[in-house]
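Enquirer: Based on what follows, work out the 3D shape:
(chains A and B, ligands or ions: 2)
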Amino acid sequence: MNAWTNIKAIVKRELGAYFSSPIAYVFLVIFLLLAGFFTFTVGSFFERGEASLVSFFTWHPWLYLFLVPAIGMRLWSEERRLGTMELLLTMPITTWQAIVGKFLASWLFLALALALTFPVVITVNILGDPDNGVIVTGYVGSLLLAGSYLAVSCMTSAMTRNQVISFIVAVLILLFLILAGFTPVTDLLSRFASPRVVEVVAAFSVMTHFEGFQRGVLDARDFVFFASVMGFALFTTGVIIRSHRAG
Amino acid sequence: MIRVENLKKAFGPKLAVNEVSFSVERGEVLGFLGPNGAGKSTTMRMITGFIPPTSGKITVGEHDMLLNPLPAKRLIGYLPENAPGYADMTVQAFLSFAAELRGLRGDARKKAVSRAVDLCSLENVLYQHIDTLSKGYKHRTCLAQALIHDPDILIMDEPTDGLDPNQKHEVRNLIKRMGATKAIIFSTHILEEVEAACSRVIIIDRGRIVANGTPEELKARAANAGAVCVRVKGVSSAALAEELRRVAGAGKSEVLRDDGGDVEIRVYPESAWTNGALTANIASLAAQKKWQLEQLHTEEGRLDEVFRSITLPDTVKAG
Ligand SMILES: Nc1ncnc2c1ncn2[C@@H]1O[C@H](COP(=O)(O)OP(=O)(O)O)[C@@H](O)[C@H]1O
Ligand SMILES: [Mg+2]
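Expert: Residues are numbered from 1 along each chain as shown, chains lettered A, B, ... in the order given. Ligands and ions are numbered 1, 2, ... in the order given. Next comes the predicted model:
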């Protein structure tokens, strides 16, 4: 119970930090513009002539590739740069409470950004008769995807006091997680590797596990995958922070 | 309240803190003195639970900092070096956040914040962002954070660093005042600060404790502590030195001034500090001989001399 109040205090502070600077609003605007651009221009929403949000969700792994590390990069880098980490971790809280609090705050912020895309849901409902169940699973998958990206960014931001380095390393790791299951890459890979190998590599990709959510399929394995990525990345964040303190 | 036993910290091959042991009780103000890089901050970071020691034991209140950190941390208020703070928060929000992490809620939290604001005179900057504060205010904001839960133990790493003389004075007074009811450790490299505020001093050099005592005890370790300076007019230095040599308790002496009939001589006590007896003996001799005595005083020894003599690298001392 104490743990939860500590986490809440940290969540509140972090959310306050986002909204006390114009960066939060700039981010939201960029996010919505890009989401719209991918959906309507690149994804040819209208030309498809279907009442679905496939063209909306299908771009999320790419959309988040740069936007989520931009949100996560400051989480621990900033603490180290300012020296406030020394304050935070000498408070009567555990390291994992601080890690979870920071992660949840940023995830909530991303959830807000995602929620602000609701006009696209309204649009598709006005124009046609979509399966709203599929849209809901799409949103759930997208939120899990964002959370996984964020946990990875959280981990890279614990590595360095330099936010730019933290950003770049996160993008590289995430790029790998995308490409391992990106169709052009798996096609290329299957030319000189057995289908079994290709399958194993693709199993590590967010693309593979995000797919089902877009089609309205809820598979326990996909949940387990995203939960493991988040769990692993946050656990590693803790290890990195501990090893830094040990010197 | 704080007990540190055989504390060691290695950064790679480098021993930053080496076999440090001491304890601090309620009502004591312990000054941590040492040159830059001596290991003061590292020791404080271990006591506050920020970094784990390589070996050794830290007990805070009844709690072992390594085995049971949360109750131990609850007892401590900590002002880290350079007084960090969240740049994008207002002073008010920052203190509220600190109070919340200290488990204060609702009314208790409001009261704690306003008490800390009063104590550190932050009324004027309450709604200012921390990155816009002057260094003095930034320091006091971080100090207020350390005091927010009225801790039994206060640990401050260079609390007066970067403050102007008035602010330094205020902080020292605050330390002295709080020292009556808390256990306080603070580090500094300013010697007057130690004399002004500490009940005990530990001098640390290259990771080791090289002296531990009251400021008076340490001053007594100065080379010229207890020596008597005599200034007499109308005598020759040779004659005066000869007379002084025969005073009971007098040892070596040196001539500090010889201005044709204006002579000053420093007489060192023969053995350990003779507690003013030497001064009294010289005074009675002066009266008896009807010297034209200009000045007569016992030297107290100066902390900076002690500090220099025990913290200078051996090579420099020998040279
Ligand atoms: N995180 C660290 N990694 C490596 N060396 C360190 C680290 N922190 C401190 N040191 C070294 O330990 C020694 C003691 O440093 P410190 O405790 O900051 O000294 P002080 O506070 O007395 O000036 C210094 O030589 C410093 O370079
Ligand atoms: Mg220091």
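Enquirer: How about the residues of chain B by ligand 1?
Expert: Within chain B, the positions near ligand 1 by C-beta under 6 Å from any ligand atom are B:Phe11, B:Ala16, B:Gly34, B:Asn36, B:Gly37, B:Ala38, B:Gly39, B:Lys40, B:Ser41, B:Thr42. The C-beta positions use only the backbone N, C-alpha and C, and glycine is treated the same way.
Enquirer: I'd assumed B:Lys40 was in contact with the second one.
Expert: Same thing as B:Ala16. No - between B:Ala16 and B:Lys40 there is no contact, the gap being 10.0 Å when judged by C-beta atoms under 8 Å.
Enquirer: Give the helix, strand or coil label for the residue of chain B found nearest chain A.
Expert: Closest contact between chain B and chain A, by C-beta to the nearest C-beta, is at B:Pro84 (3.5 Å). Following DSSP: H, G, I helix; E, B strand; the rest coil, we place B:Pro84 in the coil state.
Enquirer: ditto for A:Ser228
Expert: Under three-state DSSP, the three-state class of A:Ser228 is helix.
Enquirer: burial count for it?
Expert: The tally of other residues near A:Ser228 (other C-beta atoms under 10 Å in any protein chain shown) stands at 11.
Enquirer: then the helix or strand harbouring B:Asn166 to PDB, C-alphas only?
Expert: Using DSSP states H and E, B:Asn166 sits in helix B:165-179. Output of helix B:165-179 as PDB, limited to C-alpha atoms (Å, rounded to 0.1, in the frame of the first residue of the first chain):
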ATOM      1  CA  PRO B 165      29.000  35.500   3.600                       C
ATOM      2  CA  ASN B 166      25.600  36.400   5.100                       C
ATOM      3  CA  GLN B 167      24.000  33.200   3.800                       C
ATOM      4  CA  LYS B 168      26.900  31.200   5.100                       C
ATOM      5  CA  HIS B 169      26.400  32.800   8.500                       C
ATOM      6  CA  GLU B 170      22.700  31.900   8.400                       C
ATOM      7  CA  VAL B 171      23.200  28.300   7.500                       C
ATOM      8  CA  ARG B 172      25.800  27.900  10.200                       C
ATOM      9  CA  ASN B 173      23.400  29.300  12.800                       C
ATOM     10  CA  LEU B 174      20.700  27.000  11.500                       C
ATOM     11  CA  ILE B 175      23.100  24.000  11.900                       C
ATOM     12  CA  LYS B 176      24.000  25.000  15.400                       C
ATOM     13  CA  ARG B 177      20.400  25.500  16.400                       C
ATOM     14  CA  MET B 178      19.300  22.200  15.000                       C
ATOM     15  CA  GLY B 179      22.400  20.400  16.400                       C
END
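Enquirer: got a list of contacts for that helix?
Expert: Around helix B:165-179, the neighbours that count as contacts under C-beta atoms under 8 Å, 6 or more residues apart in numbering or on different chains are B:27-29, B:119, B:121, B:136, B:139-140, B:143, B:154, B:156, B:159-160, B:163, B:184, B:186, B:193, B:196-197, B:199.
Enquirer: Just the ones in helices from those residues, please.
Expert: Taking DSSP state H as the definition of helices, the contacts of helix B:165-179 contribute B:Leu119, B:Gly136, B:His139, B:Arg140, B:Leu143, B:Glu193, B:Ala196, B:Ala197.
Enquirer: Now do the contacts for the closest residue to the first one other than its chain neighbours.
Expert: Looking back up the chat, that one is B:Leu119. Spatial nearest neighbour of B:Leu119, chain neighbours left out: B:Leu147 (6.0 Å); criterion: C-beta to C-beta, 6 or more residues apart in numbering or on different chains. With contact taken as C-beta under 8 Å, 6+ apart, B:Leu147 is in contact with B:Gly77, B:Ala116, B:Leu119, B:Cys120, B:Leu154.
Enquirer: if we take the residues you listed, which one ends up nearest to ligand 2?
Expert: Distance to ligand 2 across the contacts of B:Leu147 (C-beta to the ion) is lowest for B:Leu154, with 16.8 Å.
Enquirer: For chain A, give the residue positioned nearest to chain B.
Expert: Counting by C-beta to the nearest C-beta, chain A gets nearest chain B through A:Gly83, at 3.5 Å.
Enquirer: roughly how far apart are that residue and A:Gln214?
Expert: Distance from A:Gly83 to A:Gln214, counting by C-beta to C-beta, to the nearest Å: 44 Å.
Enquirer: Those two - which one has more neighbours?
Expert: The neighbour comparison of A:Gly83 against A:Gln214 (other C-beta under 10 Å) goes to A:Gln214, with 20 against 16.
Enquirer: Give me every residue in the stretch 51-200 of chain B lying close to ligand 2.
Expert: By C-beta under 5 Å from the ion, the part of the stretch 51-200 of chain B that sits against ligand 2 consists of B:Glu81.
Enquirer: Enumerate every residue touching the residue of chain B found nearest ligand 2.
Expert: Going by C-beta to the ion, ligand 2 is nearest to B:Ser41 of chain B, at 3.2 Å. Residues near B:Ser41 by C-beta under 8 Å, 6+ apart: B:Glu81, B:Asp157, B:Ser187.
Enquirer: The first one should be in a helix, yeah?
Expert: Meaning B:Glu81. No - under three-state DSSP, B:Glu81 falls outside any helix and is assigned coil.
Enquirer: Give me the neighbour count for the residue nearest to it when sequence neighbours are not counted.
Expert: Nearest residue to B:Glu81, sequence neighbours excluded (C-beta to C-beta, 6+ apart): B:Asp157, at 4.1 Å. If you count neighbours by other C-beta under 10 Å, B:Asp157 ends up with 23.
Enquirer: Roughly how far does B:Asp157 sit from B:Ile76?
Expert: Distance of B:Asp157 to B:Ile76, given as C-beta to C-beta: 13 Å.
Enquirer: Same check on B:Ala222?
Expert: 34 Å.
Enquirer: what about the two, which has more around it?
Expert: Between B:Ala222 and B:Ile76, counted using other C-beta under 10 Å, B:Ile76 has the larger neighbour count: 26 against 20.
Enquirer: The closest residue to A:Arg48 other than its chain neighbours - how many residues pack around it?
Expert: Take A:Arg48 and drop its neighbours on the chain: the residue closest to it by C-beta to C-beta, 6+ apart is A:Ser55, 6.2 Å away. A:Ser55 has 21 neighbours, counted by other C-beta under 10 Å.
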